[in-house]
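**Student:** Mind looking at a prediction? Sequence and model below.
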Amino acid sequence: MLPRSRHILAVALAALVLVVLVSGTPAPAAAAADDPGVVTTVLRPGWNMVAWLGPEAPATDLWEQVPALRRASAWDAEHQRYQRRTRTSVSQHGLRTLEPGMGLWLELGGDVPVAWTQTVAPGGVLVSLRAGRNLVGWGGADGTETGEALARFGASLVSASHWDAESRRYDRYRPGSGAAASTLDELRRGDGLWVDLSADARWWQSGAPGVDYFFPESVPAERQTSIPDYMASVVTFFAERYAIRPPEFTVTVDLDLEFFAAARAGEILIGPRALNDSLLNVTLAHEYFHVLQRHLGGYSPYVRDPSPRWMTEGSATYAEGLYRHEQWGTTPEALRLAHLRRSLTVEEQLDDLTLSRRFYGESGPAYSLGALAVEWLSGYAAADPAETFAPMAPGWSDALPDRATHIAYYDLLPSAGDWEAAFETAFGLSPDDFYDSFRAYRDALTTSRYPHLGDDEDAPLLVVVGGVAAETETAVRAAFEGVQAFFAKRFGSGPADYTVYVAAGPDPVAEAHLRAFGVAPDENFCSSGSSGIAAVVVVDLGCRSEAPHRLDRHHYEYVRSRLAPWSSLPPTEDGLNRRGPWWLRVAIWSYAEHAYEATSGGATLEEFESQEAARATGVTPALASLELADDASAAGYREAWALASRAGVRLAEHAGEAALFAYPRPLPRTASWESSVAAAFGMSAADFHEAFEAYRAEAAPPESGSSASAARP
């Protein structure tokens with residue numbers, strides 16, 4: 001109910017509009033009041049298509065509010081038929097109850113327009129629509145462009161239309177038909193609307209109502225605008241996917257917050273790192289799910305979520321992944337593998353992570369493990385019959401139906417007595433049975449996607465997918481073994497542990513790529529690899545440049561990562577790569593690549609250096625200036641590469657070939673890449689630059705008239 005002063009204002013406004021109409025002055029079909037808690041719609045004699053935006057109420061309330069009303073009709077979208085009534089007469093399937101967001105046909109008697117003011121139900125408008133015709137109301141912002149309002153339906157939208165009571169004709173909207181065929185340009189709050197769909201849908205029209213925002217003055221204006229927009233997107237996602245009306249809560253930017261972001265009773269906290277993060281909207285989705293956990297679970301502000309920590313954070317991480325899929329199309333299978341990779345460093349089993357001190361001690365990787373667990377539970381509960389539950393299959397996550405069991409679990413908490421009872425009811429098995437099953441699943445998924453982690457050997461593993469010709473497999477395996485032997489013997493590189501999937505033909509290549517990365521390969525795919533403990537390579541043997549070569553490049557990358565893991569290297573300034581300047585990284589790789597190719601029938605190192613010497617004369621800048629890839633591009637990328645390659649030859653001649661792989665080893669322990677250069681090559685970076693420029697000036701000086709010299713001062 002409105003406060004009395006607000007009610008008097010609404011009545012006065014309605015009377016004012018009515019006086020204006022009677023005097024003959026034109027008025028819009030819907031007039032939005034200054035107070036968002038009320039909406040005034042102008043009803044004209046005859047039929048009007050309007051929205052009911054008030055709370056659930058008996059249909060007879062229409063006649064109490066509009067005495068001149070003759071007839072009212074709604075639309076039963078499930079049975080695709082009208083629900084009609086008059087003040088005193090209603091049929092078996094007639095209109096008896098008004099619901100928020102319902103569209104109505106109202107026939108007004110007499111010959112004078114009437115201003116109808118209704119009190120808007122709090123909490124926003126959420127409408128459920130069915131495939132076919134739907135008569136719904138619009139409770140969103142007044143003047144919203146029709147295409148923007150209806151965009152959430154995507155390809156399922158067939159058409160939409162609104163009856164203009166003044167002109168007595170339909171204004172229509174047809175997606176993709178252009179302005180000439182679409183006359184329904186915008187929606188006014190209080191409008192009724194025919195919406196024709198090809199699939200069932202929910203429609204949340206209200207953004208993020210009931211949310212207060214607190215920003216320090218130092219928060220940029222752009223962020224003060226984007227955060228409410230992100231929050232509206234997140235609230236809309238959960239409302240439309242799970243029919244959850246948002247509770248009231250606060251979003252606070254806390255620049256002193258030690259955490260990335262956090263949530264507590266009725267509040268989301270954004271720390272300085274999250275504020276500047278490009279995935280802030282995903283972070284808001286995660287924290288909003290924590291708000292929903294407390295809202296659905298019904299526990300007081302002073303009581304912690306009674307669930308185990310892995311469930312609390314795992315379900316929020318799983319939910320943020322669903323939001324990410326909705327927003328950017330990131331496939332569920334790719335998200336599953338990302339969670340698997342991140343969780344590989346967690347040594348504890350899931351049932352060891354029920355308490356906060358154990359769970360948060362593992363930080364990010366434990367979140368991913370929890371998300372894997374909630375995804376498994378969602379799939380298990382959705383399997384019908386149970387024999388169809390096959391979570392090991394590549395692409396299983398992509399086909400997983402969302403039965404909202406992670407939502408149902410929190411819905412059940414208030415009445416279940418304890419979390420174990422709610423768990424078993426929601427997911428269909430006891431926590432103990434789940435822990436046993438998930439432990440086996442986690443081990444099996446790891447070794448099926450990353451077989452090198454299950455063979456107890458510190459060496460790469462090659463897996464053929466789909467079968468290939470015997471002579472092809474023999475050649476690839478020989479190249480695979482040869483690469484490892486070459487790097488170990490020639491450079492003393494040490495071992496690397498990773499998996500190489502090789503396949504020939506579209507279907508086997510697609511299967512291998514899906515198994516390794518969770519997505520289908522690009523049209524022109526030849527090979528790709530991922531790094532870290534879950535290092536894996538996929539090679540299309542039908543791509544000539546990849547069969548059987550380029551195995552050397554991937555092996556080099558994994559050996560280098562083994563010697564100096566990326567996470568162990570301190571961040572750098574000015575965009576410099578953690579592994580050192582561009583010229584040095586190219587110098588080492590280029591030498592290793594061509595040394596290997598020389599053993600496989602390629603050009604000798606002497607022939608290669610002669611070719612590169614000719615190209616390098618086109619570079620004017622000193623080698624030391626080529627710190628970034630942009631520097632190389634400005635100097636002429638191919639020519640700069642040739643110059644860096646010549647530097648690799650000089651380094652190998654000075655300190656021996658093994659020094660090239662000795663360089664990465666001390667990087668995690670030294671203060672700078674220059675220190676690693678001194679340790680590996682026995683001379684400082686400055687001394688090498690001086691010696692190299694002297695050699696360069698004598699052996700092959702830069703061309704004075706090169707295009708590169710003209711491009712750079």
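**Tutor:** Everything's here; your move. Quick caveat, the model's predicted, so the values are computed rather than measured.
**Student:** Quick check: the residue lying closest to residue 87 once chain neighbours are set aside vs residue 93, distance?
**Tutor:** Spatial nearest neighbour of residue 87, chain neighbours left out: residue 63 (4.6 Å); criterion: CB to CB, 6 or more residues apart in numbering. For every residue, glycine as well, the C-beta is placed using N, CA and C. Residue 63 is 20 Å from residue 93, where distance means CB to CB, to the nearest Å.
**Student:** who's more crowded, the two?
**Tutor:** Taking other CB atoms under 10 Å, residue 63 and residue 93 do not tie; residue 63 has more neighbours (16 against 12).
**Student:** Could you confirm the more buried one falls within a helix?
**Tutor:** Yes. Residue state for residue 63 (DSSP: H, G, I helix; E, B strand; the rest coil) corresponds to a helix.
**Student:** isn't it right up against residue 70?
**Tutor:** No. The criterion here is CB atoms under 8 Å, and residue 63 misses it with residue 70 at 9.6 Å.
**Student:** Residue 155 - how many residues pack around it?
**Tutor:** Residue 155 has 9 nearby residues by other CB under 10 Å.
**Student:** make that residue 607, sorry
**Tutor:** 12.
**Student:** Got phi/psi on it?
**Tutor:** phi -60, psi -40 (degrees, to the nearest 10).
**Student:** Might you report the residue contacts of it?
**Tutor:** By CB atoms under 8 Å, 6 or more residues apart in numbering, no residues touch residue 607.
**Student:** What distance do you get for it to residue 175?
**Tutor:** Residue 607 is 62 Å from residue 175, by CB to CB.
**Student:** same question, residue 553
**Tutor:** For residue 553, the distance to residue 175 (CB to CB) stands at 47 Å.
**Student:** Could you do residue 118 as well?
**Tutor:** From residue 118 to residue 175 the distance is 30 Å (CB to CB).
**Student:** Give me the more crowded residue out of these two.
**Tutor:** residue 118 (24 against 17).
**Student:** Can you name the residues that contact the nearest residue to that one once chain neighbours are set aside?
**Tutor:** With CB to CB, 6+ apart as the criterion, residue 118 has its nearest non-adjacent residue at 4.9 Å, and that residue is residue 54. Contacts for residue 54 (CB under 8 Å, 6+ apart) come out as 61, 98, 100, 118-121.
**Student:** same thing but at 7 Å, please
**Tutor:** 98, 100, 118-121 (CB atoms under 7 Å, 6 or more residues apart in numbering).
**Student:** now do residue 221
**Tutor:** Contacts of residue 221 by CB under 7 Å, 6+ apart: none found.
**Student:** do the one 10 residues further on as well
**Tutor:** The neighbours of residue 231, taking CB under 7 Å, 6+ apart as the test, are 208, 211, 251, 284.
**Student:** Just the helices from the stretch 501-650 of the chain, written as ranges.
**Tutor:** 506-517, 551-563, 582-599, 605-616, 629-635, 637-655 (DSSP state H, counting those that start in this stretch).
**Student:** Which elements pack onto the first one?
**Tutor:** Packing contacts for helix 506-517, counted by 3 or more CB pairs under 7 Å, 6 or more residues apart in numbering; DSSP states H and E, involve helix 332-343, strand 461-465, strand 499-503, strand 536-540.
**Student:** change it to 8 Å
**Tutor:** Of the remaining helices and strands, those touching helix 506-517 by 3 or more CB pairs under 8 Å, 6 or more residues apart in numbering; DSSP states H and E are helix 332-343, helix 431-449, strand 461-465, strand 499-503, strand 527-530, strand 536-540.
**Student:** Could you point out which of those sits nearest residue 359?
**Tutor:** Closest approach to residue 359 among the helices and strands packed on helix 506-517 (CB to CB): helix 332-343, 12.4 Å.
**Student:** Which element is encountered next along the chain beyond that closest one?
**Tutor:** Per DSSP states H and E, helix 332-343 leads on to helix 356-362 as the next helix or strand towards the C-terminus.
**Student:** what about that next one, distance to the chain center?
**Tutor:** Mean-position distance between helix 356-362 and its chain equals 25 Å (CA atoms, centre = their mean, to the nearest Å).
**Student:** With stretch 447-460 instead?
**Tutor:** 29 Å.
**Student:** Could you tell me the end-to-end distance of that stretch?
**Tutor:** 14 Å (CA to CA, to the nearest Å).
**Student:** now what about that stretch, what contacts it?
**Tutor:** So stretch 447-460 is contacted by 337, 340, 344, 392, 443, 446, 461, 463, 480, 484, 495-500, 515-516, 533-536, 555, 558 (CB under 8 Å, 6+ apart).
**Student:** Can you tell me which of those are buried?
**Tutor:** 337, 340, 344, 446, 461, 463, 480, 484, 496-500, 515-516, 534-536, 555, 558 (16 or more other CB atoms under 10 Å).
**Student:** Can you pull out the low-pLDDT segments for the chain?
**Tutor:** 1-34, 179, 362, 544-549, 700-713 (pLDDT under 70).
**Student:** how about the nearest residue to residue 555, chain neighbours excluded?
**Tutor:** Using CB to CB, 6+ apart, the nearest residue to residue 555 is residue 483, at 4.9 Å.
**Student:** Likewise for residue 526?
**Tutor:** Per CB to CB, 6+ apart, closest to residue 526 is residue 543, 3.7 Å.
**Student:** For that neighbour, give its distance to residue 90.
**Tutor:** 71 Å.
**Student:** Quick check: phi and psi at residue 144.
**Tutor:** Residue torsions, per degrees, to the nearest 10, at residue 144 are phi -70, psi 130.
**Student:** again with residue 70
**Tutor:** Dihedral angles (degrees, to the nearest 10) for residue 70: phi -100, psi -60.
**Student:** can I assume it is in contact with residue 107?
**Tutor:** Yes. Between residue 70 and residue 107 there is a contact at 4.5 Å, judged by CB under 8 Å.
**Student:** neighbours of the residue lying closest to residue 514 once chain neighbours are set aside, just the number please.
**Tutor:** Of all residues beyond its chain neighbours, the one nearest residue 514 is residue 394 (4.6 Å), with distances taken as CB to CB, 6+ apart. Residues within reach of residue 394, counting by other CB under 10 Å, total 18.
**Student:** Quick one: residues contacting residue 394.
**Tutor:** If you count contacts by CB under 8 Å, 6+ apart, then residue 394 has 333, 511, 514-515 around it.
**Student:** Would you point out the most distant pair within these?
**Tutor:** Across the contacts of residue 394 (CB to CB), the longest gap, 12.1 Å, separates 333 and 511.
**Student:** neighbour-wise, which of these two wins?
**Tutor:** residue 333 (22 against 19).
**Student:** can you give me phi and psi for residue 318?
**Tutor:** The phi/psi pair for residue 318 (degrees, to the nearest 10) is phi -60, psi -40.
**Student:** so it touches residue 375, yeah?
**Tutor:** Yes. Under the criterion of CB under 8 Å, residue 318 makes contact with residue 375 at 5.7 Å.
**Student:** Excluding chain neighbours, what is closest to residue 668?
**Tutor:** Nearest to residue 668 is residue 568, by CB to CB, 6+ apart, at 3.9 Å.
**Student:** Next, count neighbours for the one you found.
**Tutor:** 12.
**Student:** Against residue 196, how distant is it?
**Tutor:** As judged by CB to CB, residue 568 and residue 196 stand 58 Å apart.
**Student:** Then residue 316?
**Tutor:** Where residue 196 is concerned, residue 316 sits at a distance of 37 Å (CB to CB).
**Student:** In a strand, residue 420, correct?
**Tutor:** No. Counting by three-state DSSP, one finds residue 420 to be helix, located in no strand.
**Student:** Now for the nearest residue to it once chain neighbours are set aside, how many residues are close by?
**Tutor:** When the adjacent residues along the chain are set aside, residue 420 lies closest to residue 431, with 5.5 Å between them (CB to CB, 6+ apart). Other residues near residue 431 come to 17 when the count uses other CB under 10 Å.
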